[in-house]
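Colleague: Fold the stuff below for me.
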Amino acid sequence: MSLFKARDWWSTVLGEKEEFDQGCLCVADVDNSGTGQDKIIVGSYMGYLRIFNPRPVKPGDEIQPEDLLLEVQLREPILQVEVGKFVSGTEGLHLAVLHCRKLCVYAVSGTLGNVEHGNQYQIKLMYEHNLQRTACNMTYGPFGGVKGRDLICIQSMDGMLMLFEQESYAFGRFLPGFLLPGPLTYSSRTDSFITVSSCRQVECYKYQVLAFATDADERQETEQQKLSSGKRVAVDWVLNIGEQALDICVVSFNQTVSSVFVLGERNFFCLKDNGQIRFMKKLDYSPSCFIPYCSVKEGTINTLVGNHSKMLNVYQDITLKWATQLPHIPVSVKVANLQDLKGVIVTLSDDGHLQCSYLGTDPSLFQAPRVDSREINYEEFEAEMKELQKIIKEATKTQDILPKSEKHGDLIVTAEVSPDLDTESQAIDSEVKAEAVPSVTVKITVQSRVTAQKPNLAVCVQAPLAVTCDQFVFDDLEPDSSETVVLSVFLKGNCSPSELEGNCLVSYNIPTGIPKVAQCNFRLPLRLVCSPAQPSKAANHKITIDTNKPPISFLTIFPDFVDPSEDDQANVLGFQFLTGSKTTLLASKTSQRYRIQSDQLEDLWLITKELTLRLEEHFKKQNCKDFACTFSGSIPLQEYFELIDRHFELRLNAEKFQELLSERAVQFRAIERRLLTRFKDKTPAPLQHLDTLLEGTFREVIALADAAEENQANVFQAFAKLKSATHLMIMLISLWQKLSTDQVAILEATFLPLAEDTPELGWEETVDAAISYLLRTCLSKSSKEQALTLSSQLCMPKDTSRLKKNITLFCDRLAKGGRLSLSTDSDTQQATVMPGGCTTIPESDLEERTVIPGSTATFPNHGQIAKQKSKP
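Modeller: All right, here's what the predicted structure looks like:
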């Protein structure tokens with residue numbers, strides 16, 4: 001940003017909602033007043049033509065009515081305005097206005113009135129040319145070295161140069177290799193046209209070459225006729241600049257030297273007449289317009305360059321001499337002589353801000369007030385410092401990265417899940433092999449209290465669940481307005497999900513430009529993934545949940561799965577998952593226990609979670625606040641380790657498939673090169689069964705790719721099962737050790753760090769690193785363990801023995817009184833790890849217990865630990 005702003009000498013805003021571009025501004029003595037004062041001519045895409053003669057009493061004055069000499073609305077959009085000697089028989093200046101399909105030349109004249117504001121100006125049409133092609137831009141000059149008059153060259157959108165000798169049309173020529181029109185200018189010194197083509201190169205065409213080339217109207221003739229009737233358009237010189245050009249200008253402040261200036265998207269070029277680069281300047285901003293305006297020092301040229309940061313830079317060749325701030329982004333800049341003031345900078349923005357300014361530094365009249373000296377009260381400052389430090393310490397204790405949400409947010413999103421499944425399923429492309437895949441409707445409402453700009457709603461559910469539509473884009477929401485969308489959730493993958501929850505997230509901007517996010521969660525019904533079934537008596541895996549309240553009939557807590565007419569379902573209930581497995585839930589008639597059993601360990605998770613949630617909701621409705629669930633059985637670590645081994649085995653298979661595919665691909669390319677060499681050889685040689693080898697290798701590559709794809713699907717299913725089993729392990733450990741909410745959060749972050757498994761970062765190495773950290777911090781036995789350093793790199797292990805050993809050690813430390821904490825205070829950790837003078841475990845005994853194959857780890861509950869301590 002510049003230290004100085006452009007000093008406003010005169011400014012105005014043109015029209016309402018009008019658009020302007022590079023060619024819409026011109027400065028010249030268009031009325032031939034002879035005073036040497038320029039007038040400002042502006043044309044707009046709305047067809048308005050305005051001529052100004054600024055005459056402020058003092059700099060910065062508002063526009064006066066007499067400053068606008070002329071305002072007329074033409075019938076067509078104005079692409080460009082130029083002033084030159086365009087009428088034959090006179091050397092007076094006339095105004096050329098370029099429309100899309102027409103070129104008009106006007107004479108501007110004024111009539112003096114009795115008073116100053118009585119002067120009248122008018123334009124008179126001298127001649128016009130109707131164009132057969134859509135125009136893009138134009139340039140003018142003494143083409144061919146004519147004296148006392150200017151000719152006009154118009155470039156069309158399809159690459160044709162149309163030349164007009166004032167009132168008559170001369171000829172038209174197509175540029176070779178044309179694709180898109182670029183800036184165009186004329187160099188009188190070399191009598192040539194210079195443009196920048198879509199090939200990103202500066203091209204120069206001699207006027208004489210264009211004049212003697214084949215006429216553009218004869219392009220439909222045959223190639224032989226064209227060769228015999230004239231010459232082709234040949235380029236004089238070409239320079240590749242490697243970027244598109246915004247503008248091009250030819251200046252000659254010295255009669256012996258002329259320069260071609262090209263403004264690119266990121267560079268600023270100065271070329272000689274023959275196309276050689278004199279110098280170039282790399283710009284660190286995005287330019288919008290430029291103009292070379294004078295030569296202050298011998299051999300140098302000054303240039304004004306405007307950019308999209310509202311800056312105007314003054315360069316002397318490549319040296320930045322001045323930078324000034326503008327109130328708008330200029331699309332066109334000129335230098336004019338106005339009211340005996342030479343060198344006024346005239347800028348025009350795309351929305352019609354026209355400003356005449358000058359460079360300078362007005363002195364600031366502001367003076368800082370004198371500060372009253374007073375004695376410093378150190379005691380008061382020290383008390384204030386202590387209070388601020390206390391506030392900072394309290395704020396940093398929470399360690400929150402994101403700010404807390406306000407109680408009443410600017411935008412509220414709510415999700416309502418239908419209590420019943422859809423009558424007609426909305427499942428799309430489901431891989432489940434069941435006869436019918438149900439779906440449930442979710443109604444999401446977005447209510448806005450303020451103006452919400454560009455709201456975007458994203459709905460997320462964990463795979464293998466899917467939604468019919470996960471992205472919604474709304475129009476801007478007005479205050480106290482709302483939007484509602486309806487979608488359906490269904491089971492897409494052929495495995496049970498680990499979570500029956502979804503998330504809605506709305507991102508939006510408030511009018512001040514600050515981005516904000518609002519979100520909410522919703523819970524999906526259990527009926528979405530399973531249905532009632534006959535209970536099974538035998539099962540491979542069983543867990544028992546203890547409660548402190550009498551058992552509740554399943555007719556009460558599972559009304560959606562129980563038939564009220566069947567009394568035998570009050571204490572036993574069966575669940576049939578869509579994937580084919582079955583789970584049974586039993587309630588004890590004599591004790592306060594519930595048993596969940598299934599042939600698969602991972603299938604116990606959803607039923608166990610649903611049971612605990614429904615029991616908590618039931619007793620909450622009964623205003624019972626002391627309800628609690630506990631677990632006193634053995635942690636099924638061995639069965640859990642089998643799932644870990646299965647997942648890790650599939651990951652190893654994926655790496656093997658990747659290596660085999662790489663080897664076969666190298667072999668395939670080598671055979672291809674051999675065959676290509678044989679085919680290119682002028683003397684044919686036998687293929688020596690290379691074609692057979694190529695076909696065999698191709699089949700191997702396809703087979704390996706199919707096997708890798710199938711293995712990837714198996715990895716996804718194995719990871720989903722592992723996540724379900726991990727959720728179950730977390731619940732059992734939390735019920736077993738009666739962990740607090742914060743400790744459960746640490747447990748979840750340790751065992752479930754990844755939302756999905758990737759080849760670069762897998763579940764095994766991530767969980768192993770997290771457990772190792774806890775074992776060396778909050779669960780450590782001594783300072784020696786705390787001094788051990790962990791590896792800073794995560795890589796795929798060779799096997800899972802270390803992970804299984806750490807998980808067993810983790811559970812044993814918890815059983816011996818260890819507590820989870822992320823506090824960095826070592827004294828707190830020591831007191832937390834071994835509460836009540838708990839005896840430590842000999843590390844050798846634990847390792848012996850861990851490495852015994854086929855063993856099932858069992859840990860005593862708190863009552864057993866207390867009994868052991870009380871023995872003498």
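Colleague: make it CA atoms for all contacts and neighbour counts henceforth
Modeller: OK.
Colleague: Report how many residues lie close to residue 801.
Modeller: Neighbours of residue 801 under the rule other C-alpha atoms under 10 Å: 13.
Colleague: Next: the one 10 residues further on.
Modeller: Taking other C-alpha under 10 Å as the criterion, the count of residues near residue 811 is 18.
Colleague: same thing with the one 3 residues further on?
Modeller: For residue 814, the tally of surrounding residues (other C-alpha under 10 Å) stands at 17.
Colleague: how about it, phi and psi?
Modeller: Backbone geometry at residue 814, expressed as degrees, to the nearest 10, gives phi -60, psi -40.
Colleague: which helices and strands does the helix ranked longest in the chain pack with?
Modeller: The helix spanning the most residues in the chain, taking DSSP state H as the definition, is helix 690-737. Packing partners of helix 690-737 (3 or more C-alpha pairs under 8 Å, 6 or more residues apart in numbering; DSSP states H and E): helix 604-621, strand 629-630, helix 637-680, helix 741-751.
Colleague: right, so of these, which gets closest to residue 428?
Modeller: When the helices and strands packed on helix 690-737 are ranked by proximity to residue 428, the top entry is helix 604-621, at 23.8 Å, counting by C-alpha to C-alpha.
Colleague: and the angle from that closest one to helix 690-737?
Modeller: Angle between the axes of helix 604-621 and helix 690-737 is 30 degrees (criterion: axes from the mean of the first three to the mean of the last three C-alpha atoms, to 10 degrees).
Colleague: who's in contact with helix 604-621?
Modeller: Outside of helix 604-621, the residues within contact range by C-alpha atoms under 8 Å, 6 or more residues apart in numbering are 498-499, 526, 557, 583, 585, 596-598, 625, 627, 629, 724-725, 727-728.
Colleague: what about burial for the residues you listed, which qualify?
Modeller: Neighbour-count burial (16 or more other C-alpha atoms under 10 Å) applied to the contacts of helix 604-621 gives 498-499, 526, 557, 583, 585, 596-598, 629, 724-725, 727-728.
Colleague: State the pair within these that is farthest apart.
Modeller: Greatest spatial distance in those: 557 and 725, 24.1 Å, computed using C-alpha to C-alpha.
Colleague: re the thing from before, output the buried ones among the contacts of helix 604-621 in a markdown table; the columns should cover pLDDT.
Modeller: Compiled in a markdown table, the buried ones among the contacts of helix 604-621 are given as follows (pLDDT from 0 to 100):
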| residue | pLDDT |
| --- | --- |
| 498 | 87 |
| 499 | 88 |
| 526 | 89 |
| 557 | 86 |
| 583 | 90 |
| 585 | 89 |
| 596 | 91 |
| 597 | 91 |
| 598 | 91 |
| 629 | 89 |
| 724 | 90 |
| 725 | 91 |
| 727 | 92 |
| 728 | 91 |
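Colleague: between those, which is nearest residue 102?
Modeller: Closest approach to residue 102 among these (C-alpha to C-alpha): residue 499, at 68.8 Å.
Colleague: Specify the local secondary structure of that closest one.
Modeller: Taking DSSP: H, G, I helix; E, B strand; the rest coil as the rule, one finds residue 499 in the coil state.
Colleague: which residues touch it?
Modeller: Contacts here follow C-alpha under 8 Å, 6+ apart; on that basis residue 499 touches 462, 606, 724.
Colleague: got TSV for these, with distance to residue 490 too?
Modeller: Rendered in TSV, the data for the contacts of residue 499 read as follows (distance: C-alpha to C-alpha, whole Å):
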residue	distance to residue 490
462	11
606	16
724	18
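Colleague: deepest of the helices and strands packed on helix 690-737, which one?
Modeller: Mean neighbour counts were taken over those using mean count of other C-alpha atoms under 10 Å, and the top value, a mean of 18, falls to strand 629-630.
Colleague: Return the list of helices and strands in contact with that one.
Modeller: Under the contact criterion of 3+ C-alpha pairs under 8 Å, 6+ apart, the helices and strands touching strand 629-630 comprise strand 541-547, helix 690-737.
Colleague: Show me where the stretch 201-350 of the chain has its helices.
Modeller: With helices called from DSSP state H, counting those that start in this stretch, the stretch 201-350 of the chain shows them at 207-212, 223-229.
Colleague: lowest-confidence stretch among the ones you listed?
Modeller: Ranked on mean pLDDT, the bottom entry among the helices of the stretch 201-350 of the chain is helix 223-229, at a mean of 42.
Colleague: just the strands in the stretch 151-300 of the chain please.
Modeller: Assigned strands in the stretch 151-300 of the chain, in chain order: 151-156, 160-165, 168-174, 184-187, 192-196, 201-206, 237-240, 245-254, 257-264, 267-271, 277-282, 287-294 (criterion: DSSP state E, counting those that start in this stretch).
Colleague: Going by contacts, tell me the helices and strands next to the third one.
Modeller: Which is strand 168-174. Taking 3+ C-alpha pairs under 8 Å, 6+ apart as contact, the helices and strands that strand 168-174 lies on are strand 160-165.
Colleague: Poorly predicted segments of the stretch 651-800 of the chain, please.
Modeller: Within the stretch 651-800 of the chain, the set of residues satisfying pLDDT under 70 comprises 684, 782-792.
Colleague: same question but for the stretch 501-650 of the chain, I mixed them up
Modeller: Counting by pLDDT under 70, the stretch 501-650 of the chain contains low-confidence ranges at 564-569.
Colleague: What lies in contact with stretch 579-597?
Modeller: Outside of stretch 579-597, the residues that reach it under the criterion C-alpha under 8 Å, 6+ apart are 432-434, 494-496, 533, 535-536, 539-553, 571-577, 598-600, 603-604, 607-608.
Colleague: From the residues you listed, list just the buried residues.
Modeller: The neighbour-count criterion (16+ other C-alpha under 10 Å) marks 432, 494-496, 533, 535-536, 541-547, 549, 551-552, 571-577, 598-600, 603-604, 607-608 among the contacts of stretch 579-597 as buried.
Colleague: any idea what sits nearest residue 138, other than its immediate chain neighbours?
Modeller: Leaving aside its sequence neighbours, residue 138 sits nearest to residue 154 (C-alpha to C-alpha, 6 or more residues apart in numbering; 4.2 Å).
Colleague: try residue 282
Modeller: Spatial nearest neighbour of residue 282, chain neighbours left out: residue 267 (4.5 Å); criterion: C-alpha to C-alpha, 6+ apart.
Colleague: how many other residues sit next to the one you found?
Modeller: For residue 267, the tally of surrounding residues (other C-alpha under 10 Å) stands at 20.
Colleague: Hmm, it is touching residue 283, no?
Modeller: Yes - Residue 267 sits in contact with residue 283 when judged by C-alpha atoms under 8 Å, with a separation of 5.4 Å.
Colleague: OK, contacts around residue 258?
Modeller: Under the criterion of C-alpha under 8 Å, 6+ apart, the contact partners of residue 258 comprise 189, 250-252, 272-273.
Colleague: For the strands of the stretch 151-300 of the chain, give me JSON lines that also has mean pLDDT.
Modeller: Supplementary listing: those in JSON lines, determined by pLDDT from 0 to 100:
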{"stretch": "strand 151-156", "mean pLDDT": "94"}
{"stretch": "strand 160-165", "mean pLDDT": "92"}
{"stretch": "strand 168-174", "mean pLDDT": "91"}
{"stretch": "strand 184-187", "mean pLDDT": "93"}
{"stretch": "strand 192-196", "mean pLDDT": "94"}
{"stretch": "strand 201-206", "mean pLDDT": "93"}
{"stretch": "strand 237-240", "mean pLDDT": "93"}
{"stretch": "strand 245-254", "mean pLDDT": "87"}
{"stretch": "strand 257-264", "mean pLDDT": "89"}
{"stretch": "strand 267-271", "mean pLDDT": "92"}
{"stretch": "strand 277-282", "mean pLDDT": "92"}
{"stretch": "strand 287-294", "mean pLDDT": "92"}
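Colleague: Columns distance to residue 4 on top of these, output as JSON lines?
Modeller: Converted to JSON lines, those look like this (distance: least, C-alpha to C-alpha, whole Å):
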{"stretch": "strand 151-156", "distance to residue 4": "40"}
{"stretch": "strand 160-165", "distance to residue 4": "43"}
{"stretch": "strand 168-174", "distance to residue 4": "47"}
{"stretch": "strand 184-187", "distance to residue 4": "33"}
{"stretch": "strand 192-196", "distance to residue 4": "35"}
{"stretch": "strand 201-206", "distance to residue 4": "36"}
{"stretch": "strand 237-240", "distance to residue 4": "37"}
{"stretch": "strand 245-254", "distance to residue 4": "26"}
{"stretch": "strand 257-264", "distance to residue 4": "24"}
{"stretch": "strand 267-271", "distance to residue 4": "24"}
{"stretch": "strand 277-282", "distance to residue 4": "23"}
{"stretch": "strand 287-294", "distance to residue 4": "19"}
